[in-house]
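Q: Build me a model:
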Amino acid sequence: MTVHTGSAPSAVGKRTVRKVAVRIMPIVGLLYIFNYMDRANIGYAQLGMGKELAIDAATFGAASAIFFLAYVVFEVPSNMIMKKVGARLWLSRIAVSWGIVTVVTGFVASTTHLIIARIVLGIAEAGLFPGLLLYLTLWFRGKERGRAIATLALAQPIALILGSLTGGWILDHAHWLGMSSWQWVFVLQGAPAVLIGVVTFLWLPDKPADAKFLTAGEREWLQTEIDKEYVPEEKETFLGQLRAVRNGKVLHLAFSNLFIACGLYGLTFFLPLIVKQLDPKYSSTNIGLLGAIPYVVGAVGMLLLARNSDRTGERKGHVIALVLVAALGFFGAIQFKSVPVLSLVSLSLAAIGVLGYLAPYWAMASKVLSKEHTAVGLAAINSIAALGGFFGPYAIGLAATDTDVTVGLYFPIGCLLLSAIMLAFLKVPRERNQL
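A: Numbering: from 1, shown residues only. Model (predicted):
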């Protein structure tokens, strides 16, 4: 660690970190918020779309899940292109393209059209999350990066809260231009992504050297600090990722995360239908309001648990505990499927688990992997784990019936328990307290 004399370098450092956070994180956060909202809004659209297009629970699960197959296939190529053309251009391209596809999804007229739209959406969105993680490594040192990633992860519950509140309201109130309200869910929630993509291109610099909002001294300080932590790593290619997959630690982390993702995306896509099942007389607005409750609780729990994990330096125990809490929450949702208060409490526990695990999990993964395997290893873990977004909704949809969606939740419960067992056998290096 370099020791600077005087107070000037420290002052430059603090000022630079603050400027970077203020300029970079709002755009990065908005990108991920609307990305996750547009990925998950099919859950609320289904409340109207299901009846109009005759889409049952099994078909809905398949349409929700098919997104992830395309997403996984194109994730690594997307990141490879981003490295060549720069983050500003590629992230803006991703946002504009997924926004357009989401809007177009509002005009599908059959199940076949919907499935095609979901496949194209997966291609359009591919690479955003790992791309954002990679982008943050260009701007934040290790000591600030954990907090930046935790802020990014917070975009998930924020997106789900906004999606619930706006989705329900749109279904009840948007009856314009002869279009069904479910169509407006896609149009109104997809259009902002196009605007954010344009703002990203105009506002987001590729790297510190391009940052006009920093002085020359601040740019030099930041680049020097980032370079100190840089370790040449294996290029992120198909062959590189295949070699990383042979690493036992990567596989262990990837499949444990895949099983958790079955629960995360099962909740994301089927929560509106579960809430609707509590009382068929609920309006869409009521469903949206009630559906937001678990995500609000999950967001608070996520922040508190991430802070506690950082304070103690303990990761593995937090992740296992949260996975078990999620399993308990899903089990409660099954048992109390006709008791609104207890069902919402159970769904809130599930949300705490499947959202709260994110920050300590990725911090743990970074510690488990060696530096030479970190970049490709994390990308491989994310790619494999994304398949949980396919298996979870698909299996829940197959098991669900017209009168009982919660019966499908036994599948994510089993997956979560299996993940907890796997994680119990994972060796994690000791980590000193962060605060």
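Q: ok, then the element right after the lowest-mean-pLDDT helix or strand in the chain?
A: Least confident helix or strand, the chain: helix 238-245 with a mean of 58, by mean pLDDT, DSSP states H and E. Next helix or strand after helix 238-245 toward the C-terminus (DSSP states H and E): helix 248-278.
Q: Now do that next one: distance to the chain's middle.
A: Once both centres are worked out by CA atoms, centre = their mean, to the nearest Å, helix 248-278 turns out to sit 11 Å from its chain's centre.
Q: Tell me how far the helix or strand that that helix is followed by lies from the chain's centre.
A: Using DSSP H and E, the next helix or strand after helix 248-278 towards the C-terminus is helix 284-312. Mean C-alpha position of helix 284-312 versus that of the full chain (CA atoms, centre = their mean) differs by 14 Å.
Q: Let me know the angle separating helix 284-312 from helix 248-278.
A: Orientation check (axes from the mean of the first three to the mean of the last three CA atoms, to 10 degrees): helix 284-312 against helix 248-278 gives 150 degrees.
Q: sec struct for the residue nearest the centre of the chain, please.
A: Residue closest to the average C-alpha location in the chain (CA atoms, centre = their mean): residue 156, at 5.3 Å. Recorded secondary structure, residue 156: helix (DSSP: H, G, I helix; E, B strand; the rest coil).
Q: Against residue 35, how distant is it?
A: Using CB to CB, to the nearest Å, residue 156 is found at 10 Å from residue 35. C-beta: built from backbone N, CA, C; applies to glycine.
Q: Equivalent analysis for residue 152, please.
A: For residue 152 relative to residue 35 (CB to CB), the value is 11 Å.
Q: what's the answer for residue 99, then?
A: According to CB to CB, residue 99 stands 10 Å off from residue 35.
Q: Likewise for residue 56?
A: Taking CB to CB as the measure, residue 56 falls 28 Å from residue 35.
Q: now do residue 406
A: Relative to residue 35, and taking CB to CB, residue 406 is found at 28 Å.
Q: And residue 276, by the same measure?
A: Distance, residue 276 to residue 35, using CB to CB: 25 Å.
Q: Equivalent analysis for residue 253, please.
A: Counting by CB to CB - residue 253 and residue 35 are separated by 23 Å.
Q: Kindly report the same for residue 315.
A: For residue 315, the distance to residue 35 (CB to CB) stands at 26 Å.
Q: How about residue 362?
A: Applying CB to CB to residue 362 and residue 35 gives a distance of 17 Å.
Q: Count the residues that sit near the spatially closest residue to residue 87 that is not a sequence neighbour.
A: Residue nearest to residue 87 in three dimensions, not counting chain neighbours: residue 135, with 4.8 Å by CB to CB, 6 or more residues apart in numbering. By the criterion of other CB atoms under 10 Å, residue 135 has 23 neighbours.
Q: Tell me who's in contact with residue 135.
A: 28, 87, 91 (CB atoms under 8 Å, 6 or more residues apart in numbering).
Q: ok, residue 276 and residue 35, which is more surrounded?
A: Per other CB under 10 Å, whichever of residue 276 and residue 35 has more neighbours is residue 35, with 25 against 19.
Q: ok, the more buried one touching residue 127?
A: No - using CB atoms under 8 Å, residue 35 is not in contact with residue 127; the gap is 10.9 Å.
Q: so what's in contact with the two at the same time?
A: Counting by CB under 8 Å, 6+ apart, residue 35 and residue 127 have no shared contacts at all.
Q: Identify each buried residue in the longest helix anywhere in the chain, please.
A: Determined from DSSP state H, the single longest helix within the chain is helix 8-40. Buried residues in helix 8-40, counted by 16 or more other CB atoms under 10 Å: 12-13, 16-17, 19-21, 23-25, 27-40.
Q: State the mean pLDDT of it.
A: Average pLDDT, helix 8-40: 89.
Q: can you list contacts of the helix or strand following that helix?
A: Downstream of helix 8-40, the first helix or strand assigned by DSSP H and E is helix 42-52. Residues from elsewhere that reach helix 42-52 (CB under 8 Å, 6+ apart): 55-56, 60, 63-64, 105, 114, 118, 163-164, 167-168, 170-171, 180-182, 185-186, 268-273, 276, 284, 287-288.
Q: One more: stretch 113-123?
A: Contacts for stretch 113-123 (CB under 8 Å, 6+ apart): 38-39, 42, 49, 53, 55, 62-64, 66-71, 74, 98, 101-102, 104-105, 108.
Q: Go again with 7 Å.
A: When contacts are defined by CB atoms under 7 Å, 6 or more residues apart in numbering, stretch 113-123 is touched by residues 63, 66-71, 74, 98, 101-102, 104-105, 108.
Q: Report the two of the residues you listed separated the most.
A: Farthest pair in the contacts of stretch 113-123 (CB to CB) is 74 and 108. Separation: 21.1 Å.
Q: who has more neighbours, these two?
A: Taking other CB under 10 Å, residue 74 and residue 108 do not tie; residue 108 has more neighbours (20 against 17).
Q: what's the closest non-adjacent residue to that one?
A: residue 114 (4.7 Å).
Q: After the helix or strand hosting the one you found, which helix or strand is next? Please name it.
A: Residue 114 belongs to helix 111-125 when elements are defined using DSSP H and E. As assigned by DSSP H and E, the chain's next helix or strand after helix 111-125 is helix 128-137.
Q: report the angle between the axes of that next one and helix 8-40?
A: If you take the same axes, to 10 degrees, helix 128-137 sits at 180 degrees to helix 8-40.
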